[in-house]
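In: fold the following, please.
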Amino acid sequence: MKIETKYFGTIQVDEQTLLFFPNGIFGFEQEKKFVLLPFAKEEDFLLCLQSVETPSLAFTALNPFMLLPTYQPKLAKSELLQMQVEKSEDLCYYTLCRVNKPVWKSTVNLRCPIVLNDRTRQACQVILDEYDMRCPLDSIGRQGGAQC
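Out: Next up is the predicted model:
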């Protein structure tokens, strides 16, 4: 299927790669379909979470484990049931990034990751109280991998 995107123009995407957010994401509850697109070929660290329905709606997403290997999201039992898995480790996680200038002033939202069941393509956004919402990019991993 063809979609219009914020950063890549009109592109072809495989419908099997779509992510379905039954409840949308925080602040955009009406948006139910997204796709993850790499900003660079063969790159899975920095991604674009692009709305399928609204071309101007796109977020910068990061693989949190590449930034913070000690990141350990734990979902509540109700969230695990909703995602159709038995444990948090059975899911994929992406954190949203607010990119600033200069880049080292960017922040990562470790508190509200995007959670994906790669098997069902169902996704949601959750709140993890043990992490910060605006974690400075330049502080992640300093001092032996200290978390924000």
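In: did I read that right, Gln16 in a helix?
Out: Yes: under DSSP: H, G, I helix; E, B strand; the rest coil, Gln16 falls within a helix.
In: how far away is the nearest residue to Ala40 once chain neighbours are set aside from Met1?
Out: Among residues not flanking Ala40 along the chain, Leu46 sits closest, at 7.1 Å (Cβ to Cβ, 6 or more residues apart in numbering). C-beta: built from backbone N, CA, C; applies to glycine. Using Cβ to Cβ, to the nearest Å, Leu46 is found at 24 Å from Met1.
In: hang on, the earlier thing: surely the residue nearest to Ala40 is in contact with Leu62?
Out: Yes: shown here, Leu46 and Leu62 form a contact pair, counting by Cβ atoms under 8 Å, at 6.2 Å.
In: list the neighbouring strands of the strand ranked longest in the chain plus their orientation.
Out: Longest among the strand segments of the chain by residue count, using DSSP state E, is strand 107-117. If you go by DSSP bridges, strand 107-117 pairs up with strand 92-98 (antiparallel), strand 122-125 (antiparallel), strand 135-136 (antiparallel).
In: ranking those by mean pLDDT, which is last?
Out: When the strands paired with strand 107-117 are compared on average pLDDT, strand 135-136 comes out lowest at a mean of 89.
In: picking that back up, can you tell which of the strands paired with strand 107-117 is closest to Phe34?
Out: Phe34 lies closest to strand 122-125 among the strands paired with strand 107-117, at 7.3 Å (Cβ to Cβ).
In: which residue packs closest to Thr17, ignoring adjacent ones?
Out: Once flanking residues are discounted, Thr17 sits nearest to Val35: 5.8 Å by Cβ to Cβ, 6+ apart.
In: next, the one you found: phi, psi?
Out: When read as degrees, to the nearest 10, the backbone of Val35 gives phi -140, psi 140.
In: neighbours around Lys87, how many?
Out: Neighbour count for Lys87, taken as other Cβ atoms under 10 Å: 9.
In: any idea how far it lies from Phe21?
Out: From Lys87 to Phe21 the distance is 21 Å (Cβ to Cβ).
In: in this protein, where is pLDDT below threshold?
Out: 42, 141-148 (pLDDT under 70).
In: show me where it has helices.
Out: Assigned by DSSP state H, the helices in the chain fall at 64-67, 77-83, 142-145.
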